[in-house]
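*Asks:* Structural data only, the sequence is not supplied:
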């Protein structure tokens, strides 16, 4: 994740998002450590292997990422 985010934002992406199944707290933690924030929960939105589950949507905006310590400033 720490390699993908800078590449995406340096190439002009304004927003990154990821969906996480409710039963996967490890993936949630990876996104949070990378600076993603919970935007919404889509209740009973996904069916996988016959199991219906909610999905959390995490988002990271370019402008928020650049404000984090150690990140490059926005281009002039």
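*Replies:* Here it is on my side, so go on. As the structure is a prediction and not an experimental result, all values here were calculated from the model.
*Asks:* Which secondary structure elements does the longest helix seen in the chain sit against?
*Replies:* The residue-count maximum for a helix in the chain (DSSP state H) belongs to helix 25-33. On a contact count with 3 or more Cβ pairs under 8 Å, 6 or more residues apart in numbering; DSSP states H and E, helix 25-33 meets strand 15-21, strand 51-61. For glycine as for every other residue, the C-beta is placed from the backbone atoms N, C-alpha and C.
*Asks:* Each with direction, which strands does the helix or strand in which residue 41 is found pair with?
*Replies:* Per DSSP states H and E: residue 41 is located in strand 37-48. Strands that pair with strand 37-48, judged by DSSP bridges, come out as strand 51-61 (antiparallel).
*Asks:* contacting residues around the residue lying closest to residue 64 once chain neighbours are set aside?
*Replies:* Nearest residue to residue 64 in three dimensions, chain neighbours excluded: residue 35, at 6.8 Å (Cβ to Cβ, 6 or more residues apart in numbering). Residues near residue 35 by Cβ atoms under 8 Å, 6 or more residues apart in numbering: 5, 60, 64-65, 68.
*Asks:* For stretch 30-45, give the mean pLDDT please.
*Replies:* Averaged across stretch 30-45, pLDDT comes to 95.
*Asks:* Report the two of the contacts of residue 35 separated the most.
*Replies:* 5 and 64 (11.0 Å; Cβ to Cβ).
*Asks:* pLDDT below threshold where in the chain?
*Replies:* Low-confidence segments of the chain (pLDDT under 70): 73-76.
*Asks:* hmm, try it at 90
*Replies:* 1-3, 22-23, 48-49, 51, 66-76 (pLDDT under 90).
*Asks:* Could you measure from the residue lying closest to residue 33 once chain neighbours are set aside over to residue 26?
*Replies:* Spatially, and ignoring its direct neighbours in sequence, residue 33 is nearest to residue 1 (7.8 Å; Cβ to Cβ, 6+ apart). Separation of residue 1 from residue 26 (Cβ to Cβ, to the nearest Å): 12 Å.
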